[in-house]
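[1] Just a sequence and a predicted model for now, questions to come.
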Amino acid sequence: MTGTAQQDTEREDVQGGVGLTALLVAAARAIETHRADSLAQDAYAEHFVRAAPACAKWPLRAEQVPDGDADPLWGRFARYFGLRTRALDDFVHRSVRETGARQAVLLGAGLDTRAFRLDWPDGCAVFEIDRPGVLDFKHRVLAGLAATPRAARVPVPVDLRDDWAGALTGAGFDTAAPSVWLAEGLLFYLPPAAETHLIDTVDRMTPAGGALAFEAKLEKDLLVHRDSPLYVATRLRTGIDLLALFDRRPRPDSAGALSARGWSTAVHTPFDFTRLHGRGPMPEGNDALEGNRWVFAHKPRP
Ligand code: SAM
């Protein structure tokens, strides 16, 4: 399988640059959805992939992956995304109920369909921040399916290196009301200063009782795993060179920054969730997932 994707890190649309990573996650969710032992279900995911010529040769079902779970890309990495989707679905579901929040913000929302899939309490708004080209594509595909959101869905087309907080409040986000935030598969694509600003801003815009989950990569040098089966297979078979898209400068300690501001943080490896659910990727040698952490943070009430 070869990809026709264009690797131009500044491309704004979904079929090139970092936007294409949203389609990679969608393909993984499509595969996960139809597994007999599925961890997460997203009936919309395959429609995004089908609508994108750049992904014409990507599989959408486990049966189309000859090596199954042993395949580093459409087996192991796809399962990783399925597990991450499940862990963050559970986090959002739990947090919205425990905090009473009626606002959720998906930072770098990509093709996340939680506004359509999850069982939101009445009166919830889901703000989706991503670049305009990605959100336009998402809108076109979902409109073609006549999909109906289960919350008030508010697309916020803005680059997270620009004044996204202004765009978010301009779209109706209320900084005085409780909120739940997600940054799934996002922070390592941003410049370190943009990540620091994002964490500061989420803290500033979140009253006590709010919650944030995000994914981080802890490797000091991401290139240490450049020959790993996962990175190599992704590059050769989809055209997505993840290491070229990641911002490889030293990362801020975002979990530490939140702790210093009084948030409680729990830092987990994905493998913790593999053990919890009894399925998912396990550690291996030369593992591109070795430094991945999922951070669950809560801003306590006084
Ligand atoms: N969170 C989604 C999910 O898990 O399905 C998408 C993850 S995808 C790997 C990364 C997303 O981050 C892409 O949709 C991309 O467009 C978005 N992204 C990366 N850099 C961004 C930026 N500077 N501003 C806005 N969005 C950005």
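    Cool, got the structure. Residues are numbered from 1 along each chain as shown.

[2] And for His93, the neighbour number?
    Counted with other Cβ atoms under 10 Å, residues neighbouring His93 total 15. Just so you know, the C-beta spots here come from the backbone N, C-alpha and C atoms, and that holds for glycine as well.

[3] Which stretches in the stretch 101-250 of the chain count as helices?
    In the stretch 101-250 of the chain, the helices defined using DSSP state H, counting those that start in this stretch lie at 114-117, 132-144, 164-170, 192-205, 229-238, 242-245.

[4] Please dump those into a markdown table; it should also carry mean neighbour count, distance to the ligand and mean pLDDT for every row.
    Shown next, in a markdown table, are the helices of the stretch 101-250 of the chain (neighbours: other Cβ atoms under 10 Å; distance: least, Cβ to the nearest ligand atom, whole Å; pLDDT from 0 to 100):
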| stretch | mean neighbour count | distance to the ligand | mean pLDDT |
| --- | --- | --- | --- |
| helix 114-117 | 22 | 9 | 98 |
| helix 132-144 | 17 | 5 | 96 |
| helix 164-170 | 16 | 7 | 98 |
| helix 192-205 | 18 | 7 | 98 |
| helix 229-238 | 19 | 11 | 97 |
| helix 242-245 | 16 | 8 | 96 |
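
[5] How about Pro149, nearest residue that isn't a chain neighbour?
    Spatial nearest neighbour of Pro149, excluding adjacent residues (Cβ to Cβ, 6 or more residues apart in numbering): Ala115 at 4.4 Å.

[6] Could you double-check that that neighbour sits in contact with Arg150?
    Yes. Using Cβ atoms under 8 Å, Ala115 makes contact with Arg150 at a distance of 6.9 Å.

[7] which stretches of the chain form strands?
    Taking DSSP state E as the criterion, the chain contains strands spanning 103-107, 125-130, 152-157, 180-183, 211-217, 264-268, 292-298.

[8] of those, which approaches Leu243 most closely?
    With Cβ to Cβ as the criterion, Leu243 lies closest to strand 211-217 of these, at 10.8 Å.

[9] returning to that earlier point: relative to Leu258, how far out is the residue nearest to Pro149?
    Distance from Ala115 to Leu258, counting by Cβ to Cβ, to the nearest Å: 25 Å.

[10] Equivalent analysis for Ala70, please.
    For Ala70 relative to Leu258 (Cβ to Cβ), the value is 37 Å.

[11] Neighbour count for those two, which is higher?
    Leu258 (22 against 10).

[12] Contact partners for that one?
    By Cβ atoms under 8 Å, 6 or more residues apart in numbering, the contact set of Leu258 is Ile199, Asp203, Leu212, Thr265, Val295, Ala297.

[13] The fourth one reaches Ser254, doesn't it?
    When you say that, I think you mean Thr265. No. Between Thr265 and Ser254 there is no contact under Cβ under 8 Å: 9.1 Å.
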